[in-house]
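Colleague: starting from these lines, generate the structure:
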Amino acid sequence: MDRIGPVSASAVDGSVRPLSEAAGSIAAMDVTRTTPPRPLDVAAVFPQLGPLARPAIRLHPRPGSPSPYDSSIGAPLLWPAHQPWLYCDKWHEGPVSPMLPVAQLYVRDVPLLRPPGRADLLQVLWCPFEHPPEYKPPTKLFWRTAADVTDVLAAPPEPSEVEYDGYVPEPCVLAPEQITEYPDFLELSRELQQQLSDVSAWQAAGVVVDGSYAIAPQEFYGCELSVAPGWKVGGWPPWGLTDPVARFCVACGAAMSPLLTISARGPTGSGAGTGSLTCVTSGGSSPVRRPPACLPASAPSSRRRRRTRAATRAGP
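Modeller: Alright, predicted model coming up:
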């Protein structure tokens, strides 16, 4: 019989230490982040979830100095020297803005990617300003064949201003890890939502629900068993700020699946996943939880606050 309940921070990672202390005890290239085993096989308890399982690859970014030949976040891209750099010229009060590297993913590191033709490299860039109507940074995606790039652009242009710090990723190396995800609670059928919310349904399968989850067992599903937080490829999207919104291809009308999830709070996400979906860091010392990496967690209260790029890139 399985017993479920809240998982304490100490049960997951032993202790919580500041970045300066953690960095002193963990060598960057020896760090591996892993997702602890799930408390139970939720598809065995609720078989209707089985067909909804999706593979995902958590990227586990951590600060580093990746080269254009590495999979990375916020780092130099394998960009051909002869190809003009991308600029954004819409909705800007001043000069046009060079787009910023967000992610570079080689298929060898992230095999869930399904590139067209001979391509084996995905590059994602965005404008560091919010644009209407959704007030998000517009993005551009490129598929490349790495072997075709023989002369790499040495110094891409940099914007003189950005909207706020959170739109300038810090350079990070990756430690990809494949997991299995199930849909966000909000994406499930009404029938499944009712079953997951009924403590007697868990008990009928031999699962003893205790602790704070006893009055809301669906929260156990959401926090421990469904969608992993942080940067990832594939899997299911997280919801909460809005209800689920279906996305369709503008060219053919087919339903679209998530390609890349970009987390504003680094590898551990925000709020959800505080238990079995929270990654732990190991390598050279006892596991510790690392602070959010790559995208600064804080953002100014004013949407139109401007900062120089030099200020936003300051840090470790």
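
Colleague: once you drop chain neighbours, what's closest to residue 226?
Modeller: residue 182 (4.7 Å; Cβ to Cβ, 6 or more residues apart in numbering). No exception for glycine: its C-beta is placed from N, CA and C like everyone else's.

Colleague: so what's the one you found up against?
Modeller: 42-43, 49, 52-54, 221, 225-227, 236 (Cβ atoms under 8 Å, 6 or more residues apart in numbering).

Colleague: what about 6 Å?
Modeller: 49, 52, 226 (Cβ atoms under 6 Å, 6 or more residues apart in numbering).

Colleague: compute the distance between it and residue 52, please.
Modeller: Using Cβ to Cβ, to the nearest Å, residue 182 is found at 6 Å from residue 52.

Colleague: what of residue 115?
Modeller: Distance of residue 115 to residue 52, given as Cβ to Cβ: 25 Å.

Colleague: looking at the two, which one has more neighbours?
Modeller: residue 52 (17 against 14; other Cβ atoms under 10 Å).

Colleague: show the pLDDT at the more buried one.
Modeller: pLDDT for residue 52: 97.

Colleague: next one: it from residue 96, what distance?
Modeller: 43 Å.

Colleague: what residues are up against residue 110?
Modeller: Applying Cβ under 6 Å, 6+ apart, the residues near residue 110 are 57, 176, 233.

Colleague: distance to residue 91 added to the residues you listed, as JSON lines?
Modeller: Converted to JSON lines, those look like this (distance: Cβ to Cβ, whole Å):
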{"residue": "57", "distance to residue 91": "33"}
{"residue": "176", "distance to residue 91": "35"}
{"residue": "233", "distance to residue 91": "29"}
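
Colleague: next step: the residues you listed restricted to strands.
Modeller: 57, 233 (DSSP state E).

Colleague: now, which of the contacts of residue 110 sits nearest residue 164?
Modeller: Proximity of the contacts of residue 110 to residue 164 (Cβ to Cβ) peaks at residue 233, which lies at 25.8 Å.
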